[in-house]
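Visitor: here are the coordinates; sequence isn't available:
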């Protein structure tokens with residue numbers, strides 16, 4: 001039986017002499033892994049429609065074991081992203097995180113729409129020749145929204161321990177506690193990192209706005225680096 005999926009191709013892995021296994025995030029079934037039979041042969045036309053970072057209609061024949069791709073029709077090849085090294089690096093890093101935190105065969109239309117919106121927004125920024133910090137901020141915003149959608153949302157409005165509203169002073173982020181600590185509560189926390197007030201504002205904006213609105217954001221080197229540090233600390237805890 002053939003199934004049709006609207007999917008974003010995340011990655012590929014060579015197997016046997018001429019085949020590949022593709023990891024695809026689909027609207028209909030979430031993350032799936034399917035076989036591309038013979039796609040590495042010199043005359044195989046299907047391979048060009050199955051490159052990572054491609055949005056396509058993908059037809060899969062299912063029987064016993066892994067499904068096999070029978071055909072693919074490209075919906076959006078995202079050429080701007082594929083020609084932009086900074087954007088490519090960010091996109092494939094994001095794909096790697098998504099693959100780690102999302103289970104297979106679990107339909108999640110919200111995550112699919114979020115991913116597609118991120119790619120389309122990143123394509124728009126690439127076309128505008130935006131600077132690297134703008135691209136980094138968009139990626140960080142997407143990752144915060146992705147983690148929140150996957151159930152890893154942390155507290156940014158008040159101290160996660162005492163519950164008091166955060167003041168514009170020295171605050172800390174603790175992945176283990178699941179949010180931001182005020183200076184008093186942070187004293188007893190062993191693993192924590194400083195989070196700047198501007199970074200807190202950015203995270204609030206990320207979580208309250210659509211991805212398409214994040215393309216308007218700009219940040220300097222200091223803010224971007226702090227947000228990256230907070231995200232890394234959070235990811236180290238989530239995917240440990």
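Guide: That came through fine. Just so it is clear, the model here is predicted, and its values are computed rather than measured.

Visitor: Could I get the phi/psi values of the closest residue to residue 108 other than its chain neighbours?
Guide: Closest residue to residue 108 apart from its sequence neighbours, by CB to CB, 6 or more residues apart in numbering: residue 30 at 5.1 Å. Every C-beta, even on glycine, is put in place using the N, C-alpha and C of the backbone. Backbone torsions of residue 30, given as degrees, to the nearest 10, read phi 70, psi -140.

Visitor: Identify the bridge partners of residue 30.
Guide: For residue 30, the beta-bridge partners under DSSP bridges are residue 26.

Visitor: who's in contact with it?
Guide: Contact analysis of residue 30 by CB atoms under 8 Å, 6 or more residues apart in numbering lists 102-108, 111-112.

Visitor: out of the residues you listed, which one sits closest to residue 57?
Guide: Using CB to CB, residue 112 is the member of these that lies nearest residue 57, at 13.8 Å.

Visitor: Just the mean pLDDT for whichever strand or helix holds the closest one, thanks.
Guide: Assessed by DSSP states H and E, residue 112 sits inside helix 109-127. For helix 109-127, mean pLDDT rounds to 94.

Visitor: Helix 109-127 and the helix or strand following it, what's the angle between them?
Guide: The helix or strand immediately downstream of helix 109-127 is helix 132-149, counting by DSSP H and E. Interaxial angle, helix 132-149 versus helix 109-127 (axes from the mean of the first three to the mean of the last three CA atoms, to 10 degrees): 180 degrees.

Visitor: After helix 132-149, which helix or strand is next?
Guide: With DSSP H and E, the next secondary element past helix 132-149 is strand 171-174.

Visitor: Show me what that next one is packed against.
Guide: Contacts defined by 3 or more CB pairs under 8 Å, 6 or more residues apart in numbering; DSSP states H and E place strand 171-174 against strand 179-181, strand 193-195, helix 221-238.

Visitor: Mean neighbour count, these: which tops it?
Guide: Highest mean neighbour count among the helices and strands packed on strand 171-174 (mean count of other CB atoms under 10 Å): strand 179-181, with a mean of 23.
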